[in-house]
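**Student:** pasted the sequence and its predicted model underneath.
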Amino acid sequence: MSSVITRVKQKQIAQLVAKGKRLDGRGLMDYREIKVEQGVIERAEGSARVLLGRTEVVAGIKIETGEPFSDTPNAGVLTVNAELVPLASPVFEPGPPDENSIELARIVDRGIRESKAIDVEKLCIEPGKKVFIIFIDVYVLNHDGNLIDASALAAMAALLNTKMFNYEIEEGEMKIKSGYTPLPIKRRPITVTFAKINDVLVVDPWLEEEQVMDARLSLAIDDEGDICAAQKGGGGYFTPEQVLEAVKIAKEKAGERRKNLDW
Amino acid sequence: MSSVITRVKQKQIAQLVAKGKRLDGRGLMDYREIKVEQGVIERAEGSARVLLGRTEVVAGIKIETGEPFSDTPNAGVLTVNAELVPLASPVFEPGPPDENSIELARIVDRGIRESKAIDVEKLCIEPGKKVFIIFIDVYVLNHDGNLIDASALAAMAALLNTKMFNYEIEEGEMKIKSGYTPLPIKRRPITVTFAKINDVLVVDPWLEEEQVMDARLSLAIDDEGDICAAQKGGGGYFTPEQVLEAVKIAKEKAGERRKNLDW
Amino acid sequence: MSSVITRVKQKQIAQLVAKGKRLDGRGLMDYREIKVEQGVIERAEGSARVLLGRTEVVAGIKIETGEPFSDTPNAGVLTVNAELVPLASPVFEPGPPDENSIELARIVDRGIRESKAIDVEKLCIEPGKKVFIIFIDVYVLNHDGNLIDASALAAMAALLNTKMFNYEIEEGEMKIKSGYTPLPIKRRPITVTFAKINDVLVVDPWLEEEQVMDARLSLAIDDEGDICAAQKGGGGYFTPEQVLEAVKIAKEKAGERRKNLDW
Amino acid sequence: MSRKPEKLIDKKGLRLDGRKPDELRPIKIEAGALSNADGSAYIEQGKNKILAAVYGPKEVHPKHLALQDRMVIRCRYHMAPFSVQERKSPAPSRREIELSKVIRESLEPSIFLEYYPRTIIDVFIEVLQADGGTRCASITAASIALADAGIPMRDLVVACAAGKVDDTIVLDLMDTEDKMGTADVPLALMPNLKALTLLQMDGILTSKEFESAVNLALEGCKKIYTLQKEALRTKYVNMKEVEE
Amino acid sequence: MSRKPEKLIDKKGLRLDGRKPDELRPIKIEAGALSNADGSAYIEQGKNKILAAVYGPKEVHPKHLALQDRMVIRCRYHMAPFSVQERKSPAPSRREIELSKVIRESLEPSIFLEYYPRTIIDVFIEVLQADGGTRCASITAASIALADAGIPMRDLVVACAAGKVDDTIVLDLMDTEDKMGTADVPLALMPNLKALTLLQMDGILTSKEFESAVNLALEGCKKIYTLQKEALRTKYVNMKEVEE
Amino acid sequence: MSRKPEKLIDKKGLRLDGRKPDELRPIKIEAGALSNADGSAYIEQGKNKILAAVYGPKEVHPKHLALQDRMVIRCRYHMAPFSVQERKSPAPSRREIELSKVIRESLEPSIFLEYYPRTIIDVFIEVLQADGGTRCASITAASIALADAGIPMRDLVVACAAGKVDDTIVLDLMDTEDKMGTADVPLALMPNLKALTLLQMDGILTSKEFESAVNLALEGCKKIYTLQKEALRTKYVNMKEVEE
């Protein structure tokens, strides 16, 4: 079960793509099958499991209270962490987050933060003193490519699944009341990732395609079809035309997904 | 001065044990000579040095004040740390605690914590806000086997040697008064460790026996002869019968020790 | 561009020194050209750039407020950190501070702290609760020898360049007022470093001389010509006579520098 | 947030979740749950949800860690940040480091280490949700993952705890029982060899109670052992069907 | 301490520092700024002050990191503690780690990696003062440092951001615009190849706005490209003069 | 907790612990205090209690740290958490890292490093209780441990501090004098070679005072040197007796 594919297979993948085909039979702009299951971790305030082909990601939400940042005293705090846990791939190693897991967490974070997916002002308990802190932990359990889309989807699905306890402020003290409320979600960004292989764009690259690709481009699209985050990765490049083409396709793909998910 | 013994010696140790003998002349259920010296570190609130044959351990107690854990607002905090300092053995290396020192600390901790050796409720200064924190630092100075029993003994002897300053609460402020009080000790657990060599149990394995043993079993026994902690270690196993035999012997051995120490 | 010089060159340097000469033409007690430029980092509360030959160091001062140490409740806090950033030399590596950068920071710290260069009592805002914390960050940008003198000079020049905002205490709250005040500087220590090469003392060793030297001696001299810090380094030794000779020369050299800098 | 219930065992002798003292929680085991690992397993035991994966045997890096006469086993027991009530930092805690060690030592006796000298096996365990008894459920799952990876083994290792709660010896403690009870004795067994490969204890027990707890835990192990074998059979059968 | 100004663009269409929307900040570039490095560059772009240095190609330690068919590029983007308003801890932040990666990936396409197999190049970037757009200025400087080190390259890489501020698409955002604006699109270009080697985006833009921002940033890149080449020429001429 | 006493030197010219200005604290030295180390020593100097151990010469791992023409010395000075008034974290502090370096550099000149090329010696120092002057007492003990390990040496290294307290130059400062005094000059000496291998200074001294302090510390070193040699002789005699 090696994670490095042979040169022969690399060539094969590249040649197929040039002909508009892919090794697993998909069209260039087809996603693998997507399954989203919410509420899989009852202990968490919210959770979701995403299967994107054989790529598997669980996201869990924990909520704590704490101090706001000094430059945003009225806003709750959002923290995204991603773990490439070693059981997910022979190339993941135990240890502190490396550049790949940090980049993954920051891309997921940007999609949510920049689209203003959460109304963070509603997470303020006492301005400048006490706010809710939302921990989004992305846990990659099986790596078969395109962790970015799977993780962004799991994170958003988990947020939509999250319930916060009710509370009221009585004489300056926070008192927990019965019942739960959903998070104040304003937008539902969807991330679409492209690989450039043999100078051709494909969406949703799986593991073997990632090993062949020149570069990667991820675009987060919000409910209005606007772009709310972008990230190029990999040691290759895109032409400006390829980027603009990717933007157009990403809007379509995000629209389809949004319909399927009823988001 | 190698720390790895030859195969010939390994065989010799195993064969001797099968005949009920040990390389250093002890019977299978004999401890090495034990020396306990209290108050060796005047700067510490309590301390003790234990010699178990050539194994040497110093334990020091420091007391600070701090916040209690949120789930035990009326209880003082107990913290055990063990350092396998590199001057004690050619196999100990400088650096953060490894799995061996963490396991050692946690075994010592469990013996004391689970036997309720210290009346932690008496270490509460102001419920939910301020309690005493007891730091037990176990410092291994020479490693000649059976660090668990030597460390547990040193830690307990140091606790029995500990003096806390007197205080009173005046208008919400803690004021230090003259004089000292001993720690509120309720029980004096004693840990007895067995090695299984060639399918035979021996107590108090020294270094060369530890290099031959299949597995290790440590049992902490409290003043009533009850079991208050257990830990199997090593890459071998015990039969249920061997475990129950060890329990019986551990009670005897702990009883003898208790008499000798006048605990 | 190797950082290790050949044995031939090493011999050459040593033989020249024995004749009272140096490879770069300087006399044994001559410094390289020194340039001091203050205010190079506008974002910092104070800053300075020092060129000592081709050795280049920037020091930046940041000021924050925080709690004083419990044993000096009326004194501001001084913190010196030194970074041997990897772009400065092929032998510097990224990562947490190593023994060389820690020693460098602590020598710079001692010169400033022990000479009582800053009147730390004037940095107290509210005794025991709130004081100013002065961060001195020494950043080595090009390493061509004698980092100690360059860093100590950059740190002191940056402190002399530092402006603190004005404030007043109104009903227990600190309020920022318009305008700035310089730091309360009481003394201006100057550090003079000697290398012992072939049993001869030279000042201000450059990189290739440092690779040949037996040992290093740094002396910080205050405005009165008194010694306020000393540090021997390197795997060689000095005779007591050499140390006392160095003290005499250091006073002279510090005096000259002080005149040039108008300190 | 949790408050201690007054009674952990009710008048009818039933536990908080309605179990009898000698009753296991519902258990679901799946062999081969992950596609990248050489072997894997997923276990649910009560609310515990745990994944185990095995990679290897493989070459050792760095080489000086290799052993000339046997393979090396590494083990990492790790809890997801969202697996417990208060978010857990992903950095390994002292508890996780200790458990990684005792779990490794509970699996080692089951493996023919001498079959693959100079190689290494990695056992990775991720606790996705924790509800008491995670170390035992982890061992149960990890042993299946080892078998699923085709590692030559003397026997499966199966683990279960017994303990004392409100003066009663009970099987398979859940989180509240573990925290509020009197004692907990987790153990691991290779059933065919009657070999205890894990034994720990927290709390206070007389030697008699200790003996009862050990015996009850052994009974629990035997029941779970059947489920382990079933899980492996199910995967094997499914694979055969796919192949045919 | 900073307070949001009411308007980022005034009635005359000018920005806080008096620039027009499509105007770059003043830029000063010096090739070969450091004597120890194999190649180096210093850039000032507005109040940004950044040094870049290159060491290599050199042998790889430890050896197993070497690649048989190409060289390895390492990159460290780092900010001095005094470079920003509140003192920054010298330990690398998550942001610095991400930027080190994307900067490395923006430089890689420009280098003939296959020319020196089994070697490594280190690119070190130190931000002495930051005022928005440091990643772009760092790339611009690092590419000059690579050229200064004599590394064989397809083209220089030049980087610049465009973004949206008060409903206007503007070039080369400074810190306040970056923080208070609507969107920021940093990108890097190899001008001769029309190849985008960095592309990121923060904020919200319609696809039309995005296209305008990309085009404006490309214009900015082309202007800076001229300055890059000038800096290299200046150093080359100076060296010639010294030699003659 | 400690409060500054009004006077560190009383009317009779005696110090807080009754010593005269040029008097050492009581010193007890034992060579070979630990059985596992290749060489070891224990020193008590006043309330200081310090152990030093030497392992080596041995092979270097990893190999690239080895030097072709000489051996490498590593040194770790470390304080036990209970050695000082407020519990010290066991992680090495910046102070401990600096002292490890200067102690190593104070021992190096005494060792014939070229006798065992491509090897390494580890010097481990553990301060069990600290009362001022631990670096000097550590050097004194470590040098004995090196001799006890049979390392070929030019001379023993012996260390002692002098300083200024209440306008008086005094020998061998204890903790309170160190903290409340005016200056402290720790130094290390190879007596036969009149070679200073450690020299540091804290505080303010005129050059005259500095000279006096150095001379007084040298006197202290010479006295301790006698005790060092005695400790080694005692161990040697005891070994002979055991052998006979």
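**Tutor:** Yep, it's here. Residues are numbered from 1 along each chain as shown, chains lettered A, B, ... in the order given.

**Student:** for chain D, what spans make up the helices?
**Tutor:** Assigned helices in chain D, in chain order: D:94-107, D:134-148, D:175-180, D:207-243 (criterion: DSSP state H).

**Student:** need the ones you listed in TSV (columns: mean pLDDT, distance to F:Thr197 and mean neighbour count).
**Tutor:** C-beta coordinates here come from the backbone N, C-alpha and C atoms, glycine included. Below are those laid out as TSV (pLDDT from 0 to 100; distance: least, C-beta to C-beta, whole Å; neighbours: other C-beta atoms under 10 Å in any protein chain shown):
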stretch	mean pLDDT	distance to F:Thr197	mean neighbour count
helix D:94-107	98	41	22
helix D:134-148	98	53	29
helix D:175-180	94	58	18
helix D:207-243	92	60	17
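
**Student:** of all those helices, which one is nearest chain C?
**Tutor:** Minimum separation from chain C across those (C-beta to the nearest C-beta) falls at helix D:94-107, 21.8 Å.

**Student:** can you show me the CA trace of stretch D:141-148 as CSV?
**Tutor:** C-alpha atoms of stretch D:141-148 as CSV (Å, rounded to 0.1, in the frame of the first residue of the first chain):
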residue,chain,number,x,y,z
ALA,D,141,-9.9,-2.7,18.3
ALA,D,142,-6.2,-2.5,17.8
SER,D,143,-5.8,-6.2,18.1
ILE,D,144,-8.4,-6.7,15.3
ALA,D,145,-6.5,-4.1,13.2
LEU,D,146,-3.3,-6.1,13.7
ALA,D,147,-5.1,-9.3,12.6
ASP,D,148,-6.7,-7.4,9.7
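
**Student:** relative to E:Glu96, which of the helices of chain D is closest?
**Tutor:** helix D:94-107 (28.0 Å; C-beta to C-beta).

**Student:** figure out which of the helices of chain D is closest to A:Lys19.
**Tutor:** Nearest of those (C-beta to C-beta): helix D:207-243, 30.2 Å.

**Student:** before we move on, back to that, rebuild the helices of chain D as a markdown table, extending it with distance to C:Gly111.
**Tutor:** Output for these, formatted as a markdown table (distance: least, C-beta to C-beta, whole Å):
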| stretch | distance to C:Gly111 |
| --- | --- |
| helix D:94-107 | 41 |
| helix D:134-148 | 55 |
| helix D:175-180 | 55 |
| helix D:207-243 | 65 |
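
**Student:** indicate which one of those helices is closest to chain E.
**Tutor:** With respect to chain E, and counting by C-beta to the nearest C-beta, the nearest of the helices of chain D is helix D:94-107 at 22.6 Å.

**Student:** is any part of that closest one close to chain B?
**Tutor:** Yes - residues of helix D:94-107 contacting chain B under C-beta under 8 Å from any C-beta of the partner chain: D:Arg94, D:Arg95, D:Ile97, D:Glu98, D:Ser100, D:Lys101, D:Val102, D:Glu105.

**Student:** now render the residues you listed as CSV, adding distance to B:Trp263.
**Tutor:** Below are the residues of helix D:94-107 next to chain B laid out as CSV (distance: C-beta to C-beta, whole Å):
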residue, distance to B:Trp263
D:Arg94, 28
D:Arg95, 29
D:Ile97, 32
D:Glu98, 27
D:Ser100, 34
D:Lys101, 30
D:Val102, 29
D:Glu105, 31
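
**Student:** from those residues, pick the one nearest chain A.
**Tutor:** Nearest to chain A among these, with distances taken as C-beta to the nearest C-beta, is D:Ser100, at 9.7 Å.

**Student:** quick check, that closest one in contact with B:Glu99.
**Tutor:** Yes - counting by C-beta atoms under 8 Å, B:Glu99 is a contact partner of D:Ser100 at 6.9 Å.

**Student:** dump the residue contacts of residue 59.
**Tutor:** Picked chain A for this. A:Ser47, A:Ala48, A:Val50, A:Ile136, A:Asp137, A:Val138, A:Tyr139, A:Ser151, A:Ala154, A:Ala155, A:Ala157, A:Ala158 (C-beta atoms under 8 Å, 6 or more residues apart in numbering or on different chains).

**Student:** oops, I was thinking of chain D
**Tutor:** So D:Glu59 contacts D:Arg118, D:Thr119, D:Ile120 (C-beta under 8 Å, 6+ apart).

**Student:** repeat that for D:Asp122.
**Tutor:** A:Pro86, D:Val54, D:Tyr55, D:Gly56, D:Lys58, D:Arg74, D:Cys75, D:Arg76.

**Student:** which residues does the third one bridge with?
**Tutor:** Note on D:Tyr55: beta-bridge partners D:Asp122, judged by DSSP bridges.

**Student:** quick one: residues contacting it.
**Tutor:** Contacts of D:Tyr55 by C-beta under 8 Å, 6+ apart are A:Pro86, A:Pro90, D:Ala37, D:Asp38, D:Ile121, D:Asp122, D:Phe124.

**Student:** so where's the stretch 1-150 of chain A uncertain?
**Tutor:** The stretch 1-150 of chain A contains residues with pLDDT under 70 at A:1-4.

**Student:** is the residue of it found nearest chain F in a helix, a strand, or coil?
**Tutor:** Proximity of the stretch 1-150 of chain A to chain F (C-beta to the nearest C-beta) peaks at A:Pro96, 16.4 Å away. Following DSSP: H, G, I helix; E, B strand; the rest coil, we place A:Pro96 in the coil state.

**Student:** work out for me the element the most centrally placed residue in chain A sits within.
**Tutor:** Most central in chain A under C-alpha atoms, centre = their mean is A:Ala152, positioned 1.2 Å from the mean C-alpha point. Taking DSSP states H and E as the criterion, A:Ala152 maps to helix A:147-160.

**Student:** and that helix, what does it pack against?
**Tutor:** strand A:34-38, strand A:46-52, strand A:55-66, strand A:77-84, helix A:99-114, strand A:130-142, strand A:190-197, strand A:215-221 (3 or more C-beta pairs under 8 Å, 6 or more residues apart in numbering or on different chains; DSSP states H and E).

**Student:** following that helix, which helix or strand comes up?
**Tutor:** Next along the chain after helix A:147-160, taking DSSP H and E as the criterion, comes strand A:163-170.

**Student:** sorry, back to before: which of the helices and strands packed on helix A:147-160 sits closest to C:Glu168?
**Tutor:** The nearest among the helices and strands packed on helix A:147-160, by C-beta to C-beta, is strand A:130-142 at 29.1 Å.

**Student:** now do the contacts for A:Val247.
**Tutor:** So A:Val247 contacts A:Leu219, A:Ile227, E:Ser207, E:Phe210, E:Glu211 (C-beta under 8 Å, 6+ apart).

**Student:** so what's the fourth one closest to, chain neighbours aside?
**Tutor:** Once flanking residues are discounted, E:Phe210 sits nearest to A:Ile227: 5.2 Å by C-beta to C-beta, 6 or more residues apart in numbering or on different chains.

**Student:** among the residues of helix D:94-107 next to chain B, which one sits closest to B:Glu64?
**Tutor:** D:Arg94 (19.4 Å).

**Student:** check the gap between that closest one and chain F for me.
**Tutor:** 13 Å (C-beta to the nearest C-beta, to the nearest Å).

**Student:** repeat for D:Leu156
**Tutor:** For D:Leu156 relative to chain F (C-beta to the nearest C-beta), the value is 38 Å.

**Student:** list the contacts of the residue in chain D that chain A sits nearest to.
**Tutor:** Using C-beta to the nearest C-beta, the closest approach of chain D to chain A is made by D:Phe82 at 2.7 Å. With contact taken as C-beta under 8 Å, 6+ apart, D:Phe82 is in contact with A:Ile41, A:Arg43, A:Ala44, A:Ser47, A:Gly60, A:Ile61, A:Lys62, A:Phe135, A:Asp137, A:Tyr139, D:Leu128, D:Gln129.
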